[in-house]
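Peer 1: Mind folding the following:
(2 chains)
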Amino acid sequence: MLLESKKTGVGTGRFEAWLPVLLLALVGASLPLWGDSFFGLVATRVCIYWVLVAGLNLVVGFAGQLAIGWVSLLTIGAYTASALAAGRVTPEIPTFFALGAAGLLGAVFGLIAGLPALRLRTFYFAMTTLGLSTIVTQIALAWKSVTGGGVGIPGPSMPVPLDSPWGFYFFCLVLALFVTWMTCNISASRYGRSLVAIRDAEVAAEAVGIYKPRLLMAVFLFSGALAGFAGGLFASLQSYITPDAFTFDLSVLFFIAILIGGRGSILGPMIGTAILTILPDFAAPLVQWSTFLYAVLLLAIVLLVPGGIADLLDFKNRRPLDKHREIRPRPELLGQILTAPRKSELRLQNIVLSFGGVRAVDGVDLEIHTGEVHGLIGPNGSGKTTTLNVISGYYTPQEGTVSQDGVDFTKEGPHTRAAHHIARTFQTPRLIGESSVLENVMIGGNIDASGTFVESLLALPRHWRDEAHLRENAMAALTIVGLERLAGVRADRLQHSELRFVEIARALMMKPAFLLLDEPAAGLSVDEIKRLGALVTAISKQGTGVLLVEHHADLIFDICDRVTVLNLGKVLASGKPDEVRTHREVVNAYLGA
Amino acid sequence: MLVQSIITNGLAVGAVYALIGITYNVMFSASRVFSFTAGSVGMLGGVFGAILIGQMGMPVIVGFLLTLLLGAILGIVIEFVTVRPVLKSLDQHLYVLSTLAAALMIQQLTAIYFSTDAVPFPRVVPIESGFLDQKIWLPILACVGTIVGLEYLFRHTLVGRAFLAISEDNYAARALGLPEQRLRMTSFALAGMIGVLAGFSSGQLMFASLANGPLLNFYGFVPVALGGMGSNRGAVIGGLLLGLFQQTANYFFGGVFSSVAVFVVFIIALLVRPEGLAGAATARRV
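Peer 2: Purely as a prediction, here's the structure:
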């Protein structure tokens, strides 16, 4: 058992998470031994760019927001630091404070630049960041009293030990290391997983209680602060800045470095940043063509290797999986993660929901009790999934209420359901293909963790406690559904039936008082359906109320304590399985003779 | 005099934005793809005109037709290289990246082989400027002509109706046996022609300049985003209003203010109504 879990690669996560920091430290610290001062200059620039890109990576690579105009924040940081240090707005301010101010203003503008992402779709958001970068350049040109207009202003000069080229280099290297360490922490925390969930499985992310706006705001603040700070360093490196220094080409470099590196990776974008920064410097004739080359690279990446460098380096997931795998759930272990919830009931009253002229749900009443399996059946289009979506908050009904023990939460968004311990699975499994099975399951424990974003950023004790706790629970949940051997495998390599069980494991992480299963048996073999039935029964025995939407009549009548039949959005019949099975209208409308 | 100049300039610039907006729309309707290349194609219209007529000394009509032809070819290349390969996974929005790459390539090639500075555009019509100069009425005429042409195409020709069918319901149209791929390619060719027409007709107003690429890209997108993607009426009305507003703000408050104002209004309007002021709400997600 122990040996096997090692083989799946779960145990090696720690080392891999730290690899970017180690690599950067090794290469960076040894640079003066093998490189000349020109190398040092280029490497300084790589470090500064990486400070920005590392933050942007969380926005683009993890959260999947296409922020292509991030040079605007570099510009803002550069001018803030320079203008403050030169005393153009206030009396002259020491360089370090000016850099701090640059970071602060960067954070504010990061939030402003990011706000549209909370509502707008991809291309629209890309456009707004593009528009912002154009405007920032125009303002830099026009606001002569502060920015010096087209003439420019000198950048902040560093205090004594840091004013030599190598001194400044090591200062930037230490910062780059610190930033890498922080983003590695985030990447290995529930925040990193949540960001990826927003990117690849937004609907499922909401169901486990991830609130996109708050999470994105935190990331935009952090990324903006790093960009602003990098701007201050950039101004110091340039020693003199004009608006010409902040061309859109830089934005393109940052953005493409991340895509070349690979989404959701830190090592990849770090290598990408280094390559793109160094390339034109060491091939002088290329300078003119650098943007063109970046564009060609971008196109090639998009069309040929969407996974980027990180994908090429991912050897672990190329090992073939065992072809004949069996899912053997172990319901007897459910007690490890499920504690009997207090008795309660979930009540739907007179729910009406129409789409245009179609009344998809037309006055449905439904009561689900903890400790019971409640089947919801009916022909296609009878409103089963829609009812589920009303309970999970994806739809707000035009009439009627959804309440738990009298607490009405009809109009609250889907991310609030996790706090009520209402979990669900989806008709087509919604998992994060690029994350490991274990990570997918850990997502489910999101509301169980208590550490803040900053605590994870700095790897404070609560972050470690949360991680250990989530990991342990997720392994237990995977063992219960019988997939612990696949914990370290990328979710997109699994078979369809396995994905269904991973979704159940994820739902179990929420310690559900109510578990909504949307056609969990679809696509499963006969044996698997039997095991699923046993698992569902065991879950309800632990005290969880299960609402089971299914087409497999055998399964429904085998395991349900109560069955409700929908037809054309209305309740056709409801009661004990035996009563429903012989109900004449049900037989006519759905079951057949 | 002043009011007149603001209005005429505003309408002329607005007509160019409207044309770029229509370029976005024509590409979008046939493929559900937003393309970053709209502005760059517009920019190339001016560049082609300046090269063919201004530098190579071709007759205006030959230069114009050749520009249109090049625009059509460009549109087809864009479709073939950056759109077709990523259509299979539309939900991943890879087209944002692939079309961005194409736009960057166009911009960079222009910078290297043409010029990074604005180059004057030759006079197109050999007449004296009367009540209105041709730099004003040419873009407006191009815009009106395009609208009339598209109306005729969509309402009175079989190809046009096929376009409408594809943009209305891609799957149903394919089930009916419409050659979706060929129609998409044609629509990109058409979009390329409308794009270069925008740049060509506004050559004397905005010069043949590399900087027009990103500029047109953004200001052409604003009316489309606000008017609802795919709506040509929204693009034209929005484009003209944007042009008028910009010229007015330019005169009274200066260029920076007008850029900032447009940007702020754009963001706020989209935050309030992400689907556009005249657009329809989004479809179901779960």
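Peer 1: Check chain A for its longest helix and report it.
Peer 2: Across chain A, the longest stretch assigned as helix under DSSP state H is helix A:212-238.
Peer 1: Direction included, what does the helix or strand that comes right after it pair up with?
Peer 2: The helix or strand immediately downstream of helix A:212-238 is strand A:240-241, counting by DSSP states H and E. Sheet partners assigned to strand A:240-241 using DSSP bridges are listed as strand A:153-154 (antiparallel).
Peer 1: which residues sit against the strand it pairs with?
Peer 2: A:79, A:82-83, A:86, A:88, A:147, A:239-241 (C-beta atoms under 8 Å, 6 or more residues apart in numbering or on different chains). (Each C-beta comes from the backbone N, C-alpha and C, glycine too.)
Peer 1: any idea how far the helix or strand A:Leu279 falls within is from the chain center?
Peer 2: Using DSSP H and E, A:Leu279 maps to helix A:267-282. Taking C-alpha atoms, centre = their mean, to the nearest Å, one finds helix A:267-282 lying 25 Å from the centre of the chain it belongs to.
Peer 1: Check which helix or strand residue 132 maps to.
Peer 2: Picked chain A for this. helix A:122-142.
Peer 1: A:Gly69 now?
Peer 2: Going by DSSP H and E, A:Gly69 is not part of any helix or strand.
Peer 1: before we move on, what about the one 3 residues further on?
Peer 2: Secondary-structure element containing A:Ser72, defined by DSSP H and E: helix A:71-85.
Peer 1: cool, B:Phe221 as well?
Peer 2: helix B:212-227.
Peer 1: which is the next helix or strand following that helix?
Peer 2: Immediately after helix B:212-227, counting by DSSP H and E, sits helix B:232-253.
Peer 1: any weak-confidence spans in the stretch 451-593 of chain A?
Peer 2: Residues of the stretch 451-593 of chain A meeting the criterion pLDDT under 70: A:593.
Peer 1: same thing but at 90, please
Peer 2: Within the stretch 451-593 of chain A, the ranges that satisfy pLDDT under 90 run A:523, A:551-554, A:568-569, A:578-593.
Peer 1: And the stretch 51-200 of chain B, by the same measure?
Peer 2: Those would be B:85-97, B:115-118, B:122-136, B:154-183, if you go by pLDDT under 90 across the stretch 51-200 of chain B.
Peer 1: Which stretches in it count as helices?
Peer 2: Remark: helices assigned in the stretch 51-200 of chain B by DSSP state H, counting those that start in this stretch are B:60-78, B:94-113, B:134-156, B:158-168, B:170-175, B:180-201.
Peer 1: now the contacts of strand A:153-154 in a markdown table, with neighbour count and pLDDT?
Peer 2: Listed next are the contacts of strand A:153-154 as a markdown table, based on neighbours: other C-beta atoms under 10 Å in any protein chain shown; pLDDT from 0 to 100:
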| residue | neighbour count | pLDDT |
| --- | --- | --- |
| A:Tyr79 | 29 | 96 |
| A:Ser82 | 29 | 95 |
| A:Ala83 | 24 | 94 |
| A:Ala86 | 18 | 90 |
| A:Arg88 | 15 | 85 |
| A:Thr147 | 23 | 90 |
| A:Ser239 | 11 | 90 |
| A:Tyr240 | 13 | 93 |
| A:Ile241 | 25 | 94 |
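Peer 1: closest to A:Gly375 among those residues?
Peer 2: A:Tyr79 (64.4 Å; C-beta to C-beta).
Peer 1: Which residues are in contact with that closest one?
Peer 2: A:140, A:146-147, A:153, A:231, A:235, A:241.
Peer 1: now with 6 Å?
Peer 2: A:Thr147 (C-beta atoms under 6 Å, 6 or more residues apart in numbering or on different chains).
Peer 1: quick one on the thing from earlier: angle of the helix holding B:Phe221 against helix B:232-253?
Peer 2: Here helix B:212-227 points in a direction 120 degrees away from that of helix B:232-253 (axes from the mean of the first three to the mean of the last three C-alpha atoms, to 10 degrees).
Peer 1: can you list the residues that contact helix B:212-227?
Peer 2: A:127, A:131, B:17, B:20-21, B:24, B:38-40, B:42-43, B:107, B:206, B:234-235, B:238-239, B:242, B:266, B:269, B:276-278.
Peer 1: Of these, keep whichever come out buried.
Peer 2: A:127, A:131, B:17, B:20-21, B:24, B:38-40, B:42-43, B:107, B:206, B:234-235, B:238-239, B:242, B:266, B:276 (16 or more other C-beta atoms under 10 Å in any protein chain shown).
Peer 1: in chain A, which helix or strand is least confident?
Peer 2: None of the helices or strands of chain A scores lower by mean pLDDT, DSSP states H and E than helix A:2-7, at a mean of 36.
Peer 1: the strands in the stretch 251-400 of chain A, which residues?
Peer 2: Applying DSSP state E, counting those that start in this stretch to the stretch 251-400 of chain A gives strands spanning A:345-355, A:358-369, A:373-377, A:399-404.
Peer 1: among those strands, which is the most enclosed?
Peer 2: Stretch with highest mean neighbour count among these: strand A:373-377 (a mean of 25; mean count of other C-beta atoms under 10 Å in any protein chain shown).
Peer 1: How about the residues of chain B by chain A?
Peer 2: Neighbours of chain A within chain B, by C-beta under 6 Å from any C-beta of the partner chain: B:34, B:85, B:93-94, B:96-98, B:101, B:104-105, B:108, B:218, B:221, B:256, B:259-260, B:263, B:267, B:270-271, B:274, B:286.
Peer 1: Give the buried subset of those as a PyMOL selection command.
Peer 2: Selection of buried members from the residues of chain B next to chain A for PyMOL, criterion 16+ other C-beta under 10 Å:
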select buried, chain B and resi 34+85+93+94+96+97+98+101+104+105+108+218+221+256+259+260+263+267+270+274+286
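Peer 1: Count residues in the vicinity of the nearest residue to A:Tyr211 once chain neighbours are set aside, would you?
Peer 2: Leaving aside its sequence neighbours, A:Tyr211 sits nearest to A:His415 (C-beta to C-beta, 6 or more residues apart in numbering or on different chains; 4.6 Å). Neighbours of A:His415 under the rule other C-beta atoms under 10 Å in any protein chain shown: 20.
Peer 1: So A:His415, which state does it fall into?
Peer 2: Local secondary structure at A:His415 is given as helix here, using DSSP: H, G, I helix; E, B strand; the rest coil.
Peer 1: On the pLDDT front, check it for me.
Peer 2: pLDDT for A:His415: 93.
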